[in-house]
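Chemist: My questions are about this predicted structure, shown below with the sequence.
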Amino acid sequence: MAAAESEPIKIVSYDPEWPARFEQERSALADAIGDFATGGIHHVGSTAVPDLDAKPIIDILVGVESPDASRPAFGPLS
């Protein structure tokens, strides 16, 4: 069993800072790969739902034209 699989899942109370943390990441992503984000940069998952207890991980979805067209974004992302 991998180490991550043996660790318990941590659920915490909603943190009103999560939207601001997402906005910081969204801004950094827009600066780095904004031209590739044709479908926008979105806060998704449980931390995007106000007042919902969640795993404290900000999930982000970036809409792109296609996987192949977005491959040049890998460098700026790394």
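Modeler: Nice, I can see it. Just so you know, these numbers come straight off a predicted model, no measurement behind them.
Chemist: Which residue lies nearest the spatial centre of this protein?
Modeler: The centroid of the chain falls nearest to I60 when counting by CA atoms, centre = their mean (2.2 Å).
Chemist: For S6, see how far away that one is.
Modeler: Noted for I60: a distance of 26 Å to S6, by CB to CB, to the nearest Å. The C-beta positions use only the backbone N, C-alpha and C, and glycine is treated the same way.
Chemist: swap in R26?
Modeler: If you go by CB to CB, the gap between R26 and S6 works out to 33 Å.
Chemist: Look at those two and report which has more neighbours.
Modeler: When neighbours are counted by other CB atoms under 10 Å, R26 comes out ahead of the other of R26 and S6, with 20 against 7.
Chemist: pLDDT score assigned to A2?
Modeler: With respect to pLDDT, A2 has a value of 60.
Chemist: ok, now F22?
Modeler: For F22, the predicted pLDDT is 98.
Chemist: Can you say which helix or strand has it in it?
Modeler: Here F22 sits within helix 18-33, counting by DSSP states H and E.
Chemist: gap between the residue nearest to I33 when sequence neighbours are not counted and W18?
Modeler: With sequence-adjacent residues excluded and distances taken as CB to CB, 6 or more residues apart in numbering, I33 is closest to A73, at 4.2 Å. Taking CB to CB as the criterion, A73 is separated from W18 by 25 Å.
Chemist: Please identify which of the two sits among more neighbours.
Modeler: Neighbours were tallied for A73 and for W18 using other CB under 10 Å; the higher tally belongs to W18 (21 against 18).
Chemist: ok, that one touching T47?
Modeler: Yes - here W18 reaches T47: they are 4.5 Å apart, a contact under CB atoms under 8 Å.
Chemist: Give me the distance between G39 and E7.
Modeler: Here the distance between G39 and E7 works out to 33 Å (CB to CB).
Chemist: These two: who's more crowded?
Modeler: In this view G39 and E7 are compared by other CB under 10 Å, and G39 has more residues nearby, 11 against 8.
Chemist: List the contacts of the more buried one.
Modeler: For G39, the contacting residues are 62-65, by CB atoms under 8 Å, 6 or more residues apart in numbering.
Chemist: That one sits in which helix or strand?
Modeler: For G39, there is no enclosing helix or strand under DSSP H and E.
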